[in-house]
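**Q** sequence and predicted model, in that order:
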Amino acid sequence: MPEGDTVFRTATKLREALEGKELTRCDVRVPRYAAVNLAGQKVDEVLSRGKHLFIRVGAASIHSHLKMDGAWIIGRVRAPAYKVRIVLETADSRASGVDLGVLEVLERAVDMDAVAHLGPDLLGDDWSAETAAANLMADPSRPLSETLLDQRVMAGVGNVYANELGFVFGLRPGTAVGALTDPLRVVTRTQQMLWANRSRINRTTTGNTRPGQDVWVYGRAGKPCRRCGTPIETDRGGERITYWCPTCQR
């Protein structure tokens, strides 16, 4: 599941493959930008902002968002050709954007306008726990899971973290954020979780990286809670699937 830590790691890989190198091929397979050809220009910078990626080349900026299924792949691509949205090549590397939820070529001078609505980036230089905590509590009646997923609160949380944080703080997904006694602690723990996983291929929220031991509740419907043994419950009726322990979470 691509979340802020996945995007941060993806930016690192793209930086290693492309940054400072001249593009020998630029194939954008989105009709609106099909005529864009940045070959011959140098990749100046690759950066992430929450779940968004920017590859800056000359006066242009390639903006992408992975959404649910997207990925940037370095080297050989095994996905069907129709899933590949863009190919960037240098003399010694190839980066392909596959199933990208968003792909657009922006003017570099104003590319950050696309993410101006986002809250503090959990893995960025602009991170501010105080600002994130204030954003979190702006609407005390709003459900916890929904609020954590709102990128305007803080940028980078996806459904895995939203569910896992609910367990860590003993609150069910639908609990109003007004029930939080220490919102600063919540956003600080959120940042610590993503930071710890920013370089891991296999994310863990339990601290245990062994397969099947890496999460508390996410994807574990019907399985025993790791703390109390109560079967984990789930709700698939909303926009996002939720998981919780009916005993450990109030």
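**A** Thanks, I have the structure now.

**Q** domains of the protein?
**A** Split into domains by the TED database, the chain comes to 4-115, 129-244.

**Q** so for the shortest one, mean pLDDT?
**A** It refers to domain 4-115. What domain 4-115 shows for mean pLDDT is 97.

**Q** mind starting the numbering at 257 from now?
**A** That works, and once the first residue is 257, the last one we named lands at domain 260-371.

**Q** can you put the domains of the chain in TSV and add mean neighbour count and distance to Leu379?
**A** Backbone N, C-alpha and C define where each C-beta goes, glycine included. TSV is the format used below for the domains of the chain (neighbours: other Cβ atoms under 10 Å; distance: least, Cβ to Cβ, whole Å):
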stretch	mean neighbour count	distance to Leu379
domain 260-371	17	5
domain 385-500	18	6
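
**Q** hmm, Lys277 and Glu345 touching each other?
**A** No: assessed by Cβ atoms under 8 Å, Glu345 is found out of contact with Lys277, at 9.6 Å.

**Q** circling back: mind checking which of the domains of the chain is nearest Arg506?
**A** Nearest of these to Arg506, taken as Cβ to Cβ: domain 385-500 at 5.9 Å.

**Q** okay, how far is it across that closest one, tip to tip?
**A** 26 Å (Cα to Cα, to the nearest Å).

**Q** quick one: mean pLDDT over that domain.
**A** In the prediction, domain 385-500 has an average pLDDT of 96.

**Q** so how far is it off the chain centroid?
**A** 14 Å (Cα atoms, centre = their mean, to the nearest Å).

**Q** now the strands for the chain?
**A** Applying DSSP state E to the chain gives strands spanning 281-284, 299-305, 308-313, 316-321, 327-330, 340-345, 350-354, 358-363, 489-491, 498-500.

**Q** same list (those strands) but as JSON lines, adding distance to Pro258.
**A** Formatted as JSON lines, those follow (distance: least, Cβ to Cβ, whole Å):
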{"stretch": "strand 281-284", "distance to Pro258": "21"}
{"stretch": "strand 299-305", "distance to Pro258": "11"}
{"stretch": "strand 308-313", "distance to Pro258": "10"}
{"stretch": "strand 316-321", "distance to Pro258": "9"}
{"stretch": "strand 327-330", "distance to Pro258": "7"}
{"stretch": "strand 340-345", "distance to Pro258": "15"}
{"stretch": "strand 350-354", "distance to Pro258": "12"}
{"stretch": "strand 358-363", "distance to Pro258": "12"}
{"stretch": "strand 489-491", "distance to Pro258": "21"}
{"stretch": "strand 498-500", "distance to Pro258": "19"}
